[in-house]
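Colleague: sequence unknown, structure follows:
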């Protein structure tokens, strides 16, 4: 899969890197208490915002099922507990975005979830995150702003991944074309969905500390805008120069 754009956002209390591969680090402990005050649902046709408290999951054998007004999704036992992330690596492929969720609580830093999103889904994800952040601010105020600083040396992509632990079972990632978001006073929960017949299911569940959300929205927005700029600069196939009639096109 050709990768044309890399954006790394991991949160650090002392520094943050902003460049083609942007990085920063922060060790934010996983909060114990959760109380959802808002929820957004992203489906292939769009997203739905709800302000009611998060409904409790329904037990069904070895699986759970989360419900909203217009969408229900099965939660497989393997993803029910979720993972905690301190930042993301966002990569752009030819037809999809790859989102690597990084956890940097103790060395070595590791990737705890890899989510693959179609290009058309990312702007809906951004909008859903923005609306949830607005609801968060109305209830709790703005999350603390993370410090910014410039790196002395820009690492290559290879150097970046050499420092990260990526388990073999995560190499393929988890496809998602939908998202459910809930948040409490200190964290956001992202449930990435596969909306397919006959039942939607949660493919990945990720927890993020609230201060990470504005930075993630900023990086996702920048990455999507750069993709749009590249697509506008690429001439359509029928506008390309026609082949020379004298040049053979078959043997």
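Modeller: Noted; the coordinates are in hand. Because the structure is predicted, anything quoted here is derived from the model rather than measured.
Colleague: CA only for contacts and neighbour counts going forward, please
Modeller: Fine.
Colleague: quick one: contacts for residue 113?
Modeller: By C-alpha atoms under 8 Å, 6 or more residues apart in numbering, residue 113 lies in contact with 83, 100-102, 170, 173, 204, 206.
Colleague: Could you find the lowest-pLDDT member of those?
Modeller: Least confident of those in the model: residue 170, at 92.
Colleague: Surely it and residue 114 touch.
Modeller: Yes: the criterion here is C-alpha atoms under 8 Å, and residue 170 meets it with residue 114 at 6.3 Å.
Colleague: So between the two, which is more surrounded?
Modeller: Per other C-alpha atoms under 10 Å, whichever of residue 170 and residue 114 has more neighbours is residue 114, with 22 against 14.
Colleague: how many other residues sit next to residue 172?
Modeller: For residue 172, the neighbour count with other C-alpha under 10 Å is 10.
Colleague: list the contacts for it?
Modeller: Contacts of residue 172 by C-alpha under 8 Å, 6+ apart are residue 114.
Colleague: give me the element it is part of.
Modeller: Taking DSSP states H and E as the definition, residue 172 sits outside all helices and strands.
Colleague: Give me the pLDDT for it.
Modeller: Note for residue 172: predicted pLDDT of 94.
Colleague: For it, what are phi and psi?
Modeller: When read as degrees, to the nearest 10, the backbone of residue 172 gives phi -80, psi -20.
Colleague: Quick check: the gap between it and residue 98.
Modeller: In this view, residue 172 and residue 98 are 10 Å apart by C-alpha to C-alpha, to the nearest Å.
Colleague: Are there residues contacting both of the two? Which ones?
Modeller: Overlap of the contact sets of residue 172 and residue 98 (by C-alpha under 8 Å, 6+ apart) consists of residue 114.
Colleague: Now for residue 158, how many residues are close by?
Modeller: Applying other C-alpha under 10 Å, I find that residue 158 has 8 neighbouring residues.
Colleague: That one in helix, strand or coil?
Modeller: Per DSSP: H, G, I helix; E, B strand; the rest coil, the secondary structure class of residue 158 is helix.
Colleague: Residue ranges in the stretch 1-150 of the chain under the pLDDT threshold?
Modeller: Scanning the stretch 1-150 of the chain for pLDDT under 70 picks out the ranges 1-71, 149-150.
Colleague: now with 90?
Modeller: Within the stretch 1-150 of the chain, the stretches with pLDDT under 90 are 1-73, 105-108, 145-150.
Colleague: mind listing the helices for it?
Modeller: 122-140 (DSSP state H, counting those that start in this stretch).
Colleague: separation between residue 189 and residue 73?
Modeller: Residue 189 is 15 Å from residue 73, by C-alpha to C-alpha.
Colleague: Between the contacts of residue 113, which sits nearest residue 130?
Modeller: Relative to residue 130, the closest of those is residue 206; by C-alpha to C-alpha it sits at 17.1 Å.
Colleague: Counting by contacts, list what the longest helix seen in the chain packs against.
Modeller: Scanning the chain for the longest helix, with DSSP state H as the assignment, gives helix 212-233. Secondary-structure packing of helix 212-233 (3 or more C-alpha pairs under 8 Å, 6 or more residues apart in numbering; DSSP states H and E): strand 5-10, strand 87-92, helix 122-140.
Colleague: Let me have the ones you listed in JSON lines, adding distance to residue 181 and mean neighbour count as columns.
Modeller: JSON lines is the format used below for the helices and strands packed on helix 212-233 (distance: least, C-alpha to C-alpha, whole Å; neighbours: other C-alpha atoms under 10 Å):
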{"stretch": "strand 5-10", "distance to residue 181": "19", "mean neighbour count": "23"}
{"stretch": "strand 87-92", "distance to residue 181": "17", "mean neighbour count": "24"}
{"stretch": "helix 122-140", "distance to residue 181": "7", "mean neighbour count": "18"}
